[in-house]
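**Student:** Next come a sequence and a model predicted from it.
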Amino acid sequence: MTPTVPPGTDLRRLKLLYEWAEQRYLKALPLEDFMESTPQST
């Protein structure tokens, strides 16, 4: 399914809103989400 944008939408503003939401989401993530996993030992 392809998302559609209503006609007349300001694409520059929409891009800025998406970037703002992305930065807000990344700042909310704990640092553990950015750590490399350790190899599984047996």
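**Tutor:** Structure received. All of these numbers come straight from a predicted model, not from anything done at the bench. Numbering: from 1, shown residues only.
**Student:** Could you list the low-pLDDT ranges of this protein?
**Tutor:** 1, 41-42 (pLDDT under 70).
**Student:** Going along the chain, name the strands of it.
**Tutor:** For the chain, applying DSSP state E gives no strands.
**Student:** where do the helices sit along this protein?
**Tutor:** 11-28 (DSSP state H).
**Student:** can you tell me which residue is nearest the centre of it?
**Tutor:** Glu22 (3.9 Å; C-alpha atoms, centre = their mean).
**Student:** so how far is Thr2 from it?
**Tutor:** 21 Å (C-beta to C-beta, to the nearest Å). (Glycine included, C-beta is placed from N, CA and C.)
**Student:** next one: Arg24
**Tutor:** Arg24 is 26 Å from Thr2, by C-beta to C-beta.
**Student:** if you count what's nearby, which of these two comes out ahead?
**Tutor:** Legend: neighbour count by other C-beta atoms under 10 Å for Arg24 and Thr2, higher for Arg24 (9 against 3).
**Student:** so how many other residues sit close to Leu16?
**Tutor:** Around Leu16 there are 11 residues (other C-beta under 10 Å).
**Student:** For it, which residues are in contact?
**Tutor:** Leu16 sits next to no residue when contact means C-beta atoms under 8 Å, 6 or more residues apart in numbering.
**Student:** can you do 10 Å?
**Tutor:** By C-beta atoms under 10 Å, 6 or more residues apart in numbering, the contact set of Leu16 is Asp10.
**Student:** one step back: what's near enough to touch the residue nearest to the centre of the chain?
**Tutor:** Glu22 touches nothing, counting by C-beta under 10 Å, 6+ apart.
**Student:** What separation do you get for it and Pro6?
**Tutor:** 22 Å.
**Student:** Same question for Pro30.
**Tutor:** Taking C-beta to C-beta, one finds Pro30 at 36 Å from Pro6.
**Student:** Tyr18 now?
**Tutor:** The gap separating Tyr18 from Pro6 is 16 Å, by C-beta to C-beta.
**Student:** just Phe34 next, same as before
**Tutor:** 36 Å.
**Student:** Who has more neighbours out of those two?
**Tutor:** Phe34 (8 against 5).
**Student:** Verify the stated contact: the more buried one with Leu26.
**Tutor:** Yes - in this structure, Phe34 is within contact of Leu26 by C-beta atoms under 10 Å, at 9.3 Å.
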